[in-house]
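[1] The sequence and its predicted three-dimensional model are supplied below.
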Amino acid sequence: MNDTMDTILGKIASPDNAYGGGGVSALAGSLGTALARMVCHLQERKAEPALQTEYASLLDQLSSLENRLIGLFEEDARSFEPLQAMYKVRPQTDEEKRDKASRMEALLEQAAQTPLDIMETGCAALRLLDRLADICPKLLISDIGIAVSLCHTCVKGAEYNVAINAGMIRDPDRAAPLFEQRDRLRREADTLSGDMMKKWRTSWADAPRTYKATANMSDFFNCKEVSAKIDTDTAQKIEALAASDVQVHLALFQIRGQRGRKRLRLRGHPEMRAARGGSRASPFFRRM
C-alpha cells in the first residue's frame, strides 16, 4: 500500500468503500510496530554487541508484522465487499431465501476470519514488545508504552468485528471455533498489555528524578522541584557571600539565542561579578 495519509483517511471516511473498523484496527497495530521499529533503529548500533543482534532480529520481525498488518487493512475491506453486496440482495422465492441464508453463513465466517488474523498479528507484535520493553533504555520506555497501547487497540478493535460477524452465524458449530479463538487472543493481549504496563510503571519509577513522573504532573512541568533545589543552593551561596561583606544583586534577562529562540538567563549584578573576580553568578530562578 503506497497511499498517502490523506488517501487512507479518505478511504476510511468514504461511505462508498468497504473499509471499516477491522482495517482501522490493523492500521493502529502498524503504527505501534513502526514506533517499536524506531526504538530498535535508535539502539541497534548503540547497544552492547549481544543486544545489537537481538535488536536487529526484533527489527526484522516487527517489519514483517507491520507489512502483514498493512496488508490486512486491504484484506479486511476485500473480505467485507461480498458480504456487503449480499446484504443488498432481496430474495423473492423460498429457494432464493435459502440460497442467500446459506451463502451468508460462509460470507460471515470469511468476514470474521480476517479480523481474527488481525488479532493474531497484533498479539504477535505484543510478544515482541514484551521483550523490547525488557532491553530498551528507560528514556525510550514511553515509546514502548505507546506502541503497546496501539497494538492492544489493534487486538481489541478487531475483536468487535469478530463478535458482530460471528454472532450473526446461525450454525453454532461454525461460530464456536471463531469465538474460542477470539477469546484466547483477547486474554493473551490483555495479559501481555497489563504485564508491560507494570514494567513501564516500574521502570519509570526508577528513572532519574528529572524524568520521573510525579503524582501531580503540573508540578513537574512547572519545574517546582528543580527550582526549589536551585533556590536552596543559591541562597546558601548568597549567605556565604554576605558573610564576606559582598552585596548581591540578581537580575533576570531575556535574550534570543540561535534561530530566534528565546532563552531566559538570570545573571548576577556587575558588582557581584566584580566581587567574585569577574566570574558570572550562579543561575537563579525566582518563583513568580
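    Received, thanks.
[2] Could you use CA atoms for every contact and neighbour count after this?
    Fine.
[3] can you map out the strands along the chain?
    250-256, 262-268 (DSSP state E).
[4] Now the weakest link among those, please, by mean pLDDT.
    Looking at the strands of the chain, the lowest mean pLDDT belongs to strand 262-268 (a mean of 45).
[5] Can you pull out the low-pLDDT segments for the stretch 1-150 of the chain?
    Within the stretch 1-150 of the chain, the ranges that satisfy pLDDT under 70 run 1-2.
[6] Do you know the pLDDT at residue 186?
    Looking at residue 186, its pLDDT reads 94.
[7] which residue packs closest to residue 18, ignoring adjacent ones?
    Closest residue to residue 18 apart from its sequence neighbours, by Cα to Cα, 6 or more residues apart in numbering: residue 77 at 4.9 Å.
[8] What count of nearby residues applies to the one you found?
    21 (other Cα atoms under 10 Å).
[9] what sits against the spatially most central residue of the chain?
    Centroid-nearest residue in the chain, with Cα atoms, centre = their mean: residue 146, separated by 2.0 Å. By Cα atoms under 8 Å, 6 or more residues apart in numbering, the residues touching residue 146 are residue 32.
[10] for residue 131, same thing?
    By Cα under 8 Å, 6+ apart, the contact set of residue 131 is empty.
[11] how close does it sit to residue 142?
    Counting by Cα to Cα, to the nearest Å, the gap from residue 131 to residue 142 is 15 Å.
[12] returning to what we had before: show me the contacts for the residue nearest to residue 18.
    Residue 77 makes contact with 17-20, 23, according to Cα under 8 Å, 6+ apart.
[13] any idea which of these has the most stuff around it?
    That'd be residue 23 among the contacts of residue 77, by other Cα under 10 Å, with 28 neighbours.
[14] Let me know how buried the nearest residue to that residue once chain neighbours are set aside is, in neighbour terms.
    Nearest residue to residue 23, sequence neighbours excluded (Cα to Cα, 6+ apart): residue 73, at 4.1 Å. Counted by other Cα under 10 Å, the residues lying close to residue 73 total 26.
[15] What separation do you get for residue 73 and residue 93?
    37 Å.
[16] Equivalent analysis for residue 234, please.
    Separation of residue 234 from residue 93 (Cα to Cα): 91 Å.
[17] With residue 24 as the reference, measure out to the residue nearest to residue 23.
    The value you get for residue 73 to residue 24, if Cα to Cα is used, is 7 Å.
[18] Residue 66 now?
    13 Å.
[19] and what of residue 68?
    Going from residue 68 to residue 24 by Cα to Cα gives 14 Å.
[20] These two: which is more packed in?
    With neighbours defined as other Cα under 10 Å, residue 68 and residue 24 compare such that residue 24 has more, 22 against 17.
[21] Who are the contact partners of the more buried one?
    Neighbouring residues of residue 24 by Cα under 8 Å, 6+ apart: 12, 73, 154.
[22] And for residue 51?
    Applying Cα under 8 Å, 6+ apart to residue 51 gives the contacts 44, 135.
[23] let's see it at 10 Å
    The contact partners of residue 51, by Cα atoms under 10 Å, 6 or more residues apart in numbering, come to 43-45, 57, 135-136.
[24] Switch the residues you listed over to a markdown table; also include neighbour count and distance to residue 238.
    Formatted as a markdown table, the contacts of residue 51 follow (neighbours: other Cα atoms under 10 Å; distance: Cα to Cα, whole Å):
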| residue | neighbour count | distance to residue 238 |
| --- | --- | --- |
| 43 | 19 | 44 |
| 44 | 20 | 48 |
| 45 | 14 | 47 |
| 57 | 14 | 56 |
| 135 | 15 | 45 |
| 136 | 18 | 43 |
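[25] From those residues, pick the one nearest residue 116.
    Closest to residue 116 out of the contacts of residue 51 is residue 57 (25.6 Å), distances taken as Cα to Cα.
[26] Return the distance of the residue nearest to residue 23 relative to residue 61.
    Per Cα to Cα, residue 73 is found 19 Å from residue 61.
[27] Next: residue 81.
    From residue 81 across to residue 61, the span is 31 Å (Cα to Cα).
[28] Same question for residue 117.
    When residue 117 is compared with residue 61 (using Cα to Cα), they lie 17 Å apart.
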